[in-house]
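Undergrad: Here is the input, now give the coordinates:
(chains A and B)
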Number of protein chains: 2
Amino acid sequence: MLPLPDRGFDFGDGLFETLLVVNRTPLFLELHLQRMQTGLAVLGFPDCLSKVRAQISLALESPGFPEEAALRVTVTRGSGPRGYLPPPQVQPRIVIASTAREARQYNKLLSPARLALAKIRWGCQPELAGIKHLNRLEQVLAASECRTANSDEVVMLDQDGDVISVSAANLFLVDGDRLLTPELSHCGVSGTRRRLILKELAPALGLQAREAKVTVAQLEAATEVFYSNALVGVRPVASFAASHWHQHKVCDAIHNLYWRRAS
Amino acid sequence: MLPLPDRGFDFGDGLFETLLVVNRTPLFLELHLQRMQTGLAVLGFPDCLSKVRAQISLALESPGFPEEAALRVTVTRGSGPRGYLPPPQVQPRIVIASTAREARQYNKLLSPARLALAKIRWGCQPELAGIKHLNRLEQVLAASECRTANSDEVVMLDQDGDVISVSAANLFLVDGDRLLTPELSHCGVSGTRRRLILKELAPALGLQAREAKVTVAQLEAATEVFYSNALVGVRPVASFAASHWHQHKVCDAIHNLYWRRAS
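TA: Residues are numbered from 1 along each chain as shown, chains lettered A, B, ... in the order given. Now for the predicted structure:
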């Protein structure tokens, strides 16, 4: 139960992180906390990261915590008087929720995903781009399109028609010997695993990885496509529009390195 | 207390309306319900408007309901499994909250407001423009700027630098014998009072009123400026940047007609 009023509920005035927890250990916790810290600064919240850390520990130690779980940490601007204006003294509210998940064989690559194109696009909002705030209607509507399109995920474009991501993960494409991921200065969520791949995994594999403007034509012409998020790690892409991919060499190499780092 | 999980809390997956209630009577209830109906369709919620209406009646009849209040009605996509994808069967959740307000002399025009320019702009998102959904971080950040700017409200621009609104109300400007209000096809909230002024009040006063692209220069050069929302009705603007307005003839005429219609 959430005490009301809560500005997270009223306006989406807050942030969240979804952590994969295996054997009571949250994977890449520091990457999540780093993104949250950036978000706290953008929204002008007082620094409450040590409290977030303590609440996560407490949750993990609770009796009956599942073997494998998605742990969601939400931080809102707490209560306040009616209206958009935040109170002068903010007491952030931290809400932890966990969902048990079936254990997975992490040495096995997930089945390749079929992608469709989402009609809804990312809005253009440079000031909020990258952080994982609670205003996520665009992705909700995009995810709804998976059902009608009968696809595993949907590709979301920006207002200019360039490729940004899928509804719940960051996209990567292999273009010759380069690994590209869409640049997120004006929309999208800067994924923890996206950052890990760009900064550590790709370089460790000798791959040139960088952020770039990515057109739909580039995506369709890629030699390989995959996506990443906290819960799946990396997942290869089988198809998008008329394009089909049958080999997933780069994704497979990143997958192997990723789970070695994670464990 | 809000039962969790709730998709309104998790993603801002919902809508709200803020009604002014005077003597247990919500003002212009039908205008609010019409906007909510549009929003329910955009978000793909099942139609639950009759339930919303019933819940509002119930709240107004509750013992001790204040003489004068702001009544907030929030409708969320309810509970569901983890993740952005909405459940196939949605049970919307309706949450009502009321805040007592001091009674006001409605025959008196409010004191003219001083405006500053907000650094944060409206994001460009045509699919969600106009409706009053729960993703309101841009307005929260804009409202925060009132405090640092020491102003009553802040002018919010769109991504192209054109004028859209203030943080919690719609703007109107008098340009010769025309009444203009910014066009909201790509961002902003389509206010209930904005609609009333455009469709009824301005025509009744013999004013040519229309939606238009409004530049900052046009705003500064206007002969009169005011804003409108459910809680204030209309409020004249005293200043913005180097511009100062000392006469509020049109605002005064709309104000008088507005409160005659409201009572």
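
Undergrad: rest of the way, CA atoms for contacts and neighbours
TA: Will do.

Undergrad: which residues in chain A form strands?
TA: A:14-22, A:25-26, A:68-76, A:93-100, A:113-117, A:153-157, A:163-166, A:169-175, A:178-182, A:208-212, A:224-229, A:233-240, A:243-244 (DSSP state E).

Undergrad: Including mean neighbour count, distance to B:Leu137 and mean pLDDT, could the ones you listed go into JSON lines?
TA: Conversion of these to JSON lines gives the following (neighbours: other Cα atoms under 10 Å in any protein chain shown; distance: least, Cα to Cα, whole Å; pLDDT from 0 to 100):
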{"stretch": "strand A:14-22", "mean neighbour count": "24", "distance to B:Leu137": "8", "mean pLDDT": "97"}
{"stretch": "strand A:25-26", "mean neighbour count": "19", "distance to B:Leu137": "29", "mean pLDDT": "96"}
{"stretch": "strand A:68-76", "mean neighbour count": "22", "distance to B:Leu137": "12", "mean pLDDT": "98"}
{"stretch": "strand A:93-100", "mean neighbour count": "17", "distance to B:Leu137": "17", "mean pLDDT": "97"}
{"stretch": "strand A:113-117", "mean neighbour count": "20", "distance to B:Leu137": "27", "mean pLDDT": "98"}
{"stretch": "strand A:153-157", "mean neighbour count": "26", "distance to B:Leu137": "21", "mean pLDDT": "98"}
{"stretch": "strand A:163-166", "mean neighbour count": "26", "distance to B:Leu137": "21", "mean pLDDT": "98"}
{"stretch": "strand A:169-175", "mean neighbour count": "24", "distance to B:Leu137": "22", "mean pLDDT": "97"}
{"stretch": "strand A:178-182", "mean neighbour count": "20", "distance to B:Leu137": "24", "mean pLDDT": "97"}
{"stretch": "strand A:208-212", "mean neighbour count": "15", "distance to B:Leu137": "27", "mean pLDDT": "97"}
{"stretch": "strand A:224-229", "mean neighbour count": "24", "distance to B:Leu137": "24", "mean pLDDT": "98"}
{"stretch": "strand A:233-240", "mean neighbour count": "23", "distance to B:Leu137": "29", "mean pLDDT": "98"}
{"stretch": "strand A:243-244", "mean neighbour count": "15", "distance to B:Leu137": "37", "mean pLDDT": "98"}
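
Undergrad: can you redo those strands as CSV with distance to B:Arg72?
TA: Converted to CSV, these look like this (distance: least, Cα to Cα, whole Å):
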stretch, distance to B:Arg72
strand A:14-22, 20
strand A:25-26, 38
strand A:68-76, 19
strand A:93-100, 21
strand A:113-117, 36
strand A:153-157, 33
strand A:163-166, 34
strand A:169-175, 34
strand A:178-182, 39
strand A:208-212, 43
strand A:224-229, 36
strand A:233-240, 41
strand A:243-244, 48
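
Undergrad: Out of the ones you listed, the one nearest A:Asn135 is which?
TA: Nearest to A:Asn135 among those is strand A:14-22; the distance by Cα to Cα comes to 8.4 Å.

Undergrad: The stretch 51-200 of chain A against chain B: which residues are in contact?
TA: Applying Cα under 8 Å from any Cα of the partner chain, we find that the stretch 51-200 of chain A lies next to chain B at A:82, A:84-86, A:99, A:120-127, A:134-137, A:139-141, A:143-144, A:159, A:167-168.

Undergrad: how about a cut-off of 7 Å?
TA: A:84-86, A:123-125, A:134-137, A:139-140, A:143-144 (Cα under 7 Å from any Cα of the partner chain).

Undergrad: between those residues, which is closest to B:Ala262?
TA: Relative to B:Ala262, the closest of these is A:Tyr84; by Cα to Cα it sits at 24.9 Å.

Undergrad: possible to save the residues of the stretch 51-200 of chain A next to chain B as JSON lines with distance to B:Leu110?
TA: Shown next, in JSON lines, are those (distance: Cα to Cα, whole Å):
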{"residue": "A:Tyr84", "distance to B:Leu110": "20"}
{"residue": "A:Leu85", "distance to B:Leu110": "20"}
{"residue": "A:Pro86", "distance to B:Leu110": "23"}
{"residue": "A:Gly123", "distance to B:Leu110": "35"}
{"residue": "A:Cys124", "distance to B:Leu110": "35"}
{"residue": "A:Gln125", "distance to B:Leu110": "33"}
{"residue": "A:Leu134", "distance to B:Leu110": "35"}
{"residue": "A:Asn135", "distance to B:Leu110": "33"}
{"residue": "A:Arg136", "distance to B:Leu110": "36"}
{"residue": "A:Leu137", "distance to B:Leu110": "36"}
{"residue": "A:Gln139", "distance to B:Leu110": "41"}
{"residue": "A:Val140", "distance to B:Leu110": "40"}
{"residue": "A:Ala143", "distance to B:Leu110": "45"}
{"residue": "A:Ser144", "distance to B:Leu110": "45"}
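
Undergrad: Can I get those in JSON lines including pLDDT and neighbour count?
TA: Output for these, formatted as JSON lines (pLDDT from 0 to 100; neighbours: other Cα atoms under 10 Å in any protein chain shown):
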{"residue": "A:Tyr84", "pLDDT": "98", "neighbour count": "22"}
{"residue": "A:Leu85", "pLDDT": "98", "neighbour count": "19"}
{"residue": "A:Pro86", "pLDDT": "98", "neighbour count": "22"}
{"residue": "A:Gly123", "pLDDT": "98", "neighbour count": "24"}
{"residue": "A:Cys124", "pLDDT": "98", "neighbour count": "21"}
{"residue": "A:Gln125", "pLDDT": "98", "neighbour count": "21"}
{"residue": "A:Leu134", "pLDDT": "98", "neighbour count": "28"}
{"residue": "A:Asn135", "pLDDT": "98", "neighbour count": "27"}
{"residue": "A:Arg136", "pLDDT": "98", "neighbour count": "19"}
{"residue": "A:Leu137", "pLDDT": "98", "neighbour count": "22"}
{"residue": "A:Gln139", "pLDDT": "98", "neighbour count": "24"}
{"residue": "A:Val140", "pLDDT": "98", "neighbour count": "22"}
{"residue": "A:Ala143", "pLDDT": "98", "neighbour count": "26"}
{"residue": "A:Ser144", "pLDDT": "98", "neighbour count": "22"}
